[in-house]
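>>> Fold the following, please.
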Amino acid sequence: MIDHISVGVADLERSARFYEATLAALGLSRLVTRPATIGFGKTYPEFWINLRAGMAPVPPESGTHICLRAKSSADVDAFHAAALETGGRSDGAPGLRPHDRVKYYAAFVIDPDGNRIEAVTFPAE
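Residues are numbered from 1 along each chain as shown. You can find the predicted model right below:
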């Protein structure tokens, strides 16, 4: 249903370092580099960061977050660890989150600009 997503960032190089490490844990790599935008994906750019030099940090109450699918709980763990190592903050440590209809394993991070990103997988058991 969704072809691609983009987020605004105030410092393209800082965010490139953050997203290269964080998205690599989910199998995405840098595919396109332009002066004010970078695209990440597996075979085509699915996730873009776009320079917005005057951008203020995203307010925590914005309510917006992006969730990316991981293949395994180990990938979710690696996503979270990479985010923390490259300037992100935890918004929910990796763990199982059982709900009424579905059980899932997820981690939530906040990038250096305040964008909220989640990685999720759905264990078989």
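
>>> Could you pull out the strands in the protein for me?
Taking DSSP state E as the test, the strands found in the chain are 5-9, 29-34, 37-41, 45-51, 65-69, 89-98, 103-110, 116-121.

>>> elements contacting the fourth one?
Looking back up the chat, that one is strand 45-51. The helices and strands touching strand 45-51, judged by 3 or more CB pairs under 8 Å, 6 or more residues apart in numbering; DSSP states H and E, are strand 5-9, helix 12-24, strand 37-41. All C-beta atoms are positioned from the backbone trio N, CA, C, and that covers glycine.

>>> just the fifth one next, same as before
Counting contacts by 3+ CB pairs under 8 Å, 6+ apart, strand 65-69 is packed against strand 116-121.

>>> What would the strand it packs on look like as CSV? C-alpha coordinates only.
C-alpha atoms of strand 116-121 as CSV (Å, rounded to 0.1, in the frame of the first residue of the first chain):
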residue,chain,number,x,y,z
ARG,A,116,10.0,8.2,16.1
ILE,A,117,10.9,4.9,14.3
GLU,A,118,9.9,1.4,15.3
ALA,A,119,11.1,-2.0,14.2
VAL,A,120,8.7,-5.0,14.5
THR,A,121,8.6,-8.7,13.9
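
>>> could you check the angle strand 65-69 makes with it?
Taking axes from the mean of the first three to the mean of the last three CA atoms, to 10 degrees, strand 116-121 and strand 65-69 form an angle of 30 degrees between their directions.
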